[in-house]
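In: fold the following for me, if possible:
(chains A and B)
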Number of protein chains: 2
Amino acid sequence: MEDKALIQEAIKSQGEVVRRLKTEKASKEQIDEEVAKLLQLKAQLGGDDGKKQFVLKTPKGTRDYSPKQMAIREKVFNTIISCFKRHGAETIDTPVFELKETLTGKYGEDSKLIYDLKDQGGELLSLRYDLTVPFARYLAMSKITNIKRYHIAKVYRRDNPAMTRGRYREFYQCDFDIAGQYDAMIPDAECLKIVHEILSELELGDFRIKVNDRRILDGMFAVCGVPDDKFRTICSTVDKLDKMSWEEVKKEMVGEKGLSEDVADQIGVYVAMQGGMDLAESLLQDQRLCGNKQANAGLQDIKQLFSYLQILRVTDKVVFDLSLARGLDYYTGIIYEAVLTQAGVVAVPPEGQNNAAGESVSVGSVAGGGRYDGLVGMFDPKGRKVPCVGVSIGIERIFSIMEQKAEASAEKIRTTEVQVMVASAQKNLLEERLKLVTELWNAGIKAELMYKKNPKLLSQLQHCEESGIPLVAILGEQELKDGVVKLRVVATREEVDVSRLDLIHEIRSRTQQEEQ
Amino acid sequence: MEDKALIQEAIKSQGEVVRRLKTEKASKEQIDEEVAKLLQLKAQLGGDDGKKQFVLKTPKGTRDYSPKQMAIREKVFNTIISCFKRHGAETIDTPVFELKETLTGKYGEDSKLIYDLKDQGGELLSLRYDLTVPFARYLAMSKITNIKRYHIAKVYRRDNPAMTRGRYREFYQCDFDIAGQYDAMIPDAECLKIVHEILSELELGDFRIKVNDRRILDGMFAVCGVPDDKFRTICSTVDKLDKMSWEEVKKEMVGEKGLSEDVADQIGVYVAMQGGMDLAESLLQDQRLCGNKQANAGLQDIKQLFSYLQILRVTDKVVFDLSLARGLDYYTGIIYEAVLTQAGVVAVPPEGQNNAAGESVSVGSVAGGGRYDGLVGMFDPKGRKVPCVGVSIGIERIFSIMEQKAEASAEKIRTTEVQVMVASAQKNLLEERLKLVTELWNAGIKAELMYKKNPKLLSQLQHCEESGIPLVAILGEQELKDGVVKLRVVATREEVDVSRLDLIHEIRSRTQQEEQ
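Out: Numbering: from 1, shown residues only, chains lettered A, B, ... in the order given. Have a look, this model is predicted:
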C-alpha cells in the first residue's frame, strides 16, 4: 500500500515534467522519453489503475533481429571471421559489463555515453563501451604480451540513435588486434590488408582506406603554432572534415577554439594533402615539419608502411590523408579509417553531409583503427607496456547496406537450411511421418514435418515454397506398401519414387550442389 | 572539489561498513564485496590519494574466456546449432536489456536477482534474466503466431556464483522453442528428441530426461489436500528433491510450509513414482487422481507423448518422474529436465548432494524446459495466446565438463586454424616472406608469418609446434633462385622442395585430410 502511494506520487510529478516540457516546446525525443517513463510508472500500478498501459517495445536505440536479418548477419559474420582466421587469429570473450573504474578515463568526453548499472549492493558496474579497453584489461590481467585475437560482441553507448543509418545504442563490434613487441609497421600493414580483404569480399562497392599518424598530426599542430593544451580539441575539430567543409572547420577553430586565423590557415594547407608513398617522401623533405621529432618518426613509419602495402598489394585503395584524425584518446601512432566511396549504396546520406570538394560522396566509415601502445600499461600494476595495433569493422553499417541490397534484389533469403519436408497426402499417417523424419534426422539430414495429425498436402507444399525447402518426401498408403517414398523437387514439381533404402543417399546427392 | 569531499565521506562510511562486518565475522564473500567497493571509491580519488588502488578483475560472477576456452565453446556451440538447424529452426536475437516492466511479474521470487540499469534519465531498463520472456515479448510485438527458433545468448542473474560448478552471474543460454497452435505433444516430443540428440553427440556420459506435467503436479496437490494458495510454494519444495532427501523435503513441507503430516505423506507416495508409458497408464487407473480434470488431461498427454517418443526412438533415456517440479511460474503443461547420471565426470559434486536412494549420482541438470501457453498472451495488448514449448540447454555446465575433459586428456586443443607458416632461414627476406604470405592469403590459405625482420628459424619452428601449425613454407636464397619453396611437415620433420606454381595445390591437398 505504501508502495502504491509512492508510485502515485511519482506519477503526479512525472506528469508535471511532461506538461512542462510540452509547454517549453522541448524536442520530441525528450518528451517521448519522459512520456515513456510516465507510462512505465502507470504500468506499475497495474490493474489498480483500471487500464494497464503496457509499452510493448524494445529499449530506445535497440532492436530485435528477425530470422531474415539474422541470416544476413550470419553471412557477414562468416566472411569476416573467415578472414580473421585466415590471418591466424584466436578469439576471446569478456563480460558484457566491467568494473566502472576499468572504463574510467579511457574515452575522454564520450564517457558520458557509458551505461552504468544500478548499485544493487555490490560492485559498481558499467556496460562495455568498446572491445578495446576490455581487451587491454584482459591482457594486463592475464599477463599476456603476445596475441593476435579477434572479438565479435555487442557494445553499448547512450548516444543519440539514428537507426536508419545503422547507428544504435546496442551494436556489434568486430575487432581484430595484434599485441606484441614487433618490428615496425609489419602488424600495422596486416591490419590494412585485412580491411582490404573484408571490404572486397563483402562487395559493398568501391572504398578507400585513409591512413595517417597521431604523431604527424601532433607535429603538424606544433609547427603550425597550436598551443600544446589545444592539440586534442583541435584534433577533434579536424576530425569533422569528413562531414564539414574546410570553411566550417576553420570557423570552429578560430571562433570556438580560439586559434588565430594564420595558424588555422597553416593547418588548412596540410589537411588538404592526400597521396601515397610519394606524399610521405615529399613531406620528409619539408624541413619545418620534419624538424619536429614526432612528425618525422610518423612520416618514416608511413613510408615504411607503404612499402609493405605495395607487397601486400593493397595500395590501390589506401590513401595517406593528413585530414584523418580519429577521436579516441588512446591512439599513439598509425590511424586509419575505411570509407565507402560509391554513392547510392545507402538510401539515407550521413547527417550534415556537405560535399565541398565535389569528389566522390562518402557514405561514412565502415572500419577504423590504429596503434595504441599505452593502453595495456594503464592497467598493468607496474605500468608494463604491450604495444598493440588493431582494427574494428563497423558491422552495423554494413548490415544496413546488406539489408537494403537484399530488399532491392529479387533473390530470396532462406532463414532455415531444411533440405526435405516429410509430408503425406492421406490421413492418419502422422506416425509414419514421425518414423521417416527420425530416420532422416538420425542420418544427419535437415528435415521437418508439420505438427498436425492430418495436414493438407497443399499447405505442406506451400510451406516448402515459402521457406525455400528444395525437396518433399511424400508418404501414402501405396508408397508404404511398396517400400518407397515419393520424392518431389519443389522447383520443378518433378516426382520420382525412391526406395526407402536409397532415400538418404538420394537426398544427399540432390542437395549437395545446393550447399556447396 | 565538491565531488572529492563527497567521495572522501563515502570512503569513511564504507570503511566503517567493512570494519563492522569483520567484527561481526560476516562471510568472506560479503566482506570481499564491501572491500572491493571501498577500493573502488579510493580509486575514484585517483592520484590525489597518493597511491592508486586499482582492482584488476572482472566483475563478481563473471569471467573472461581464453582462446582455449573459446575453442571448446565453439565446438560445443557447433554441435548444438547443427542440431537446431537439422530440426529446421531459424534464429533471432533480442537486446541484452529490456524495459524493466517487460520482466516484471514473470519470475516470482527470483525477480530480486534481476540486474537493473541505473536511471540515467531515460527508460528504466533491466538486463535479460532468460531468453524465454524476451522471446514471448518479441512474438507479441511482431505479431508472430508460428515460429521454430533458436536463440543463443548471454543472460544475467545476481545469484550467488559457484564458478567451479559452472554457475555464473553472466552465462549463456541455448534455447530452442516451437510456437504455434498445433496438435498435442508433437512439438513437445521433438524438443525431447533434440535434448536426446545433443546430449548423445556431446558424449557427456549417460543421462536421463525426466518428464512431468504441471497439471499432474497441481492435480496431485489438490487430491492430496494441499490448499490452493499453497500449490506454488509446495511445488518449489518438491523441486528440491533432486538435492535433498524425502525426509528433509517433508520436514520443510510440514515445518516451514505448514502442511499436515498426512498430506505430506500422501504427496510422498506420488513423488516416489518413476516409470514410462506403463506408469502413465496405471495412474490413469487411479480413480482419485483422475477425478481431477487437470491431472487427467496431463496424464493423457504424457501417454500420448510416450507413444511419439517410442517412434522417435528416445524412450531409452526418458523417465516419467512425478517428483520433477521446475521452478518457473510460466509453465502450463509438460515440463522436463535432463541430468547426467555418471558420477566422476565433474570433479566437484553439486552442493548439498544427498543421495538418499543410493542410485546413480546426479551431477545436476544440463537441460530443461516445458510448455508455456500463457506467456505470449501476457504481452499481447488483446491477450491473444500463442502456445509455446521449448528447451534450454545448460551450456555452462557442459562447458565446465568439456574443459575438465580437455584438461584430463592428452589431446592438444588448437586455438587457431593456421595451415602454414611462412618462414625463412636467412636474413633480409621479410619482403619475400610478405610476398609469399600474400599469395597464400589471396588463395584462401590460412597462413601467418612472424612480425620480425629477421626471426630465427628455430623460433619460427617452435611457434608451429606450440600452436599446432602442420606445415612450414621455408624461403631461402637458393629456393628463391630455383623458384621453389621448402615445404616442411612439422610432425614428421620431412622436407620437400615444391615449385612456387604448385605450392597452393600442394598445401591444399596436404591439409585436406586434416580438416575433414
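In: so what's residue A:459 up against?
Out: By Cβ atoms under 8 Å, 6 or more residues apart in numbering or on different chains, residue A:459 lies in contact with residue A:450. The C-beta positions use only the backbone N, C-alpha and C, and glycine is treated the same way.
In: that one and chain B, how far apart?
Out: Look at residue A:459 and chain B: by Cβ to the nearest Cβ, to the nearest Å, they are 12 Å apart.
In: what of residue A:25?
Out: From residue A:25 across to chain B, the span is 19 Å (Cβ to the nearest Cβ).
In: need the next SSE after the longest helix seen in chain A, C-terminal direction.
Out: Counting by DSSP state H, the longest helix found in chain A is helix A:2-23. Following helix A:2-23 in sequence order, the next helix or strand is helix A:28-45 (DSSP states H and E).
In: how far away is the residue nearest the centre of chain A from residue A:113?
Out: Centroid-nearest residue in chain A, with Cα atoms, centre = their mean: residue A:395, separated by 2.6 Å. Using Cβ to Cβ, to the nearest Å, one gets 19 Å for the distance from residue A:395 to residue A:113.
In: and if you look at residue A:255?
Out: From residue A:255 to residue A:113 the distance is 26 Å (Cβ to Cβ).
In: these two - which one has more neighbours?
Out: More crowded of residue A:255 and residue A:113, by other Cβ atoms under 10 Å in any protein chain shown: residue A:113, with 15 against 9.
In: shouldn't the more buried one be in contact with residue A:155?
Out: No - look at residue A:113 against residue A:155 with Cβ atoms under 8 Å: they stay out of range, at 10.7 Å.
In: tell me, what's touching those two both at once?
Out: residue A:129.
In: does stretch A:271-286 come close to chain B?
Out: No - interface with chain B: stretch A:271-286 contributes nothing (Cβ under 8 Å from any Cβ of the partner chain), its closest point being 14.7 Å away.
In: tell me the pLDDT of the residue of the stretch 301-450 of chain A found nearest chain B.
Out: Chain B sits closest to residue A:448 of the stretch 301-450 of chain A, with a gap of 3.7 Å, by Cβ to the nearest Cβ. Per-residue pLDDT puts residue A:448 at 97.
In: that one bridge partners, please.
Out: Assessed by DSSP bridges, residue A:448 has beta-bridge partners residue A:421.
In: how near is it to residue A:498?
Out: For residue A:448, the distance to residue A:498 - Cβ to Cβ - is 19 Å.
In: looking at the two, which one has more neighbours?
Out: Neighbour count, other Cβ under 10 Å: between residue A:448 and residue A:498, residue A:448 has more, with 25 against 18.
In: isn't that one up against residue A:423?
Out: No - the criterion here is Cβ under 8 Å, and residue A:448 misses it with residue A:423 at 9.9 Å.
In: ranges for the strands of the stretch 251-400 of chain A?
Out: Ranges of strands in the stretch 251-400 of chain A, per DSSP state E, counting those that start in this stretch, are A:274-275, A:318-321, A:334-340, A:365-371, A:388-393.
In: turn the ones you listed into a markdown table, columns for distance to residue A:379, mean neighbour count and mean pLDDT.
Out: Listed next are the strands of the stretch 251-400 of chain A as a markdown table, based on distance: least, Cβ to Cβ, whole Å; neighbours: other Cβ atoms under 10 Å in any protein chain shown; pLDDT from 0 to 100:
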| stretch | distance to residue A:379 | mean neighbour count | mean pLDDT |
| --- | --- | --- | --- |
| strand A:274-275 | 37 | 14 | 95 |
| strand A:318-321 | 32 | 22 | 97 |
| strand A:334-340 | 22 | 25 | 95 |
| strand A:365-371 | 17 | 24 | 94 |
| strand A:388-393 | 12 | 26 | 97 |
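In: export the ones you listed to a markdown table and tack on distance to residue B:271?
Out: Supplementary listing: the strands of the stretch 251-400 of chain A in a markdown table, determined by distance: least, Cβ to Cβ, whole Å:
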| stretch | distance to residue B:271 |
| --- | --- |
| strand A:274-275 | 77 |
| strand A:318-321 | 71 |
| strand A:334-340 | 63 |
| strand A:365-371 | 59 |
| strand A:388-393 | 54 |
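In: got the residues of the stretch 151-300 of chain A near chain B?
Out: Close to chain B, as judged by Cβ under 8 Å from any Cβ, the stretch 151-300 of chain A has residues A:154, A:156, A:158, A:170, A:178, A:180, A:182-183, A:186-187, A:189-190, A:193, A:197.
In: filter the residues you listed to the buried ones?
Out: Neighbour counting by 16 or more other Cβ atoms under 10 Å in any protein chain shown classes A:154, A:156, A:158, A:170, A:178, A:182, A:186, A:187, A:189, A:190, A:193, A:197 among those as buried.
In: work out for me the element residue A:453 sits within.
Out: Short version: residue A:453 belongs to no helix or strand, going by DSSP H and E.
In: farthest pair in the buried ones among the residues of the stretch 151-300 of chain A next to chain B?
Out: Largest separation among those by Cβ to Cβ: A:158 and A:186, giving 38.1 Å.
In: grab the nearest non-local neighbour of residue A:150.
Out: Leaving out its chain neighbours, the residue that sits closest to residue A:150 by Cβ to Cβ, 6 or more residues apart in numbering or on different chains is residue A:84, at 4.1 Å.
In: that's a strand at the one you found, yeah?
Out: No - going by DSSP: H, G, I helix; E, B strand; the rest coil, the assignment for residue A:84 is helix, not a strand.
In: test my guess that it contacts residue A:177.
Out: No - checked against Cβ under 8 Å, the pair residue A:84 and residue A:177 is beyond contact range at 10.4 Å.
In: how far away is residue A:374 from residue B:174?
Out: 39 Å.
In: the more surrounded of these two?
Out: The neighbour comparison of residue A:374 against residue B:174 (other Cβ under 10 Å) goes to residue B:174, with 23 against 17.
In: my read: the more buried one touches residue B:395, true?
Out: Yes - when contacts are counted by Cβ under 8 Å, residue B:174 is listed as touching residue B:395 (5.1 Å).
In: and the pLDDT for the residue lying closest to residue A:310 once chain neighbours are set aside?
Out: Nearest non-adjacent residue to residue A:310, counting by Cβ to Cβ, 6+ apart: residue A:277, 7.6 Å away. Note on residue A:277: pLDDT of 95.
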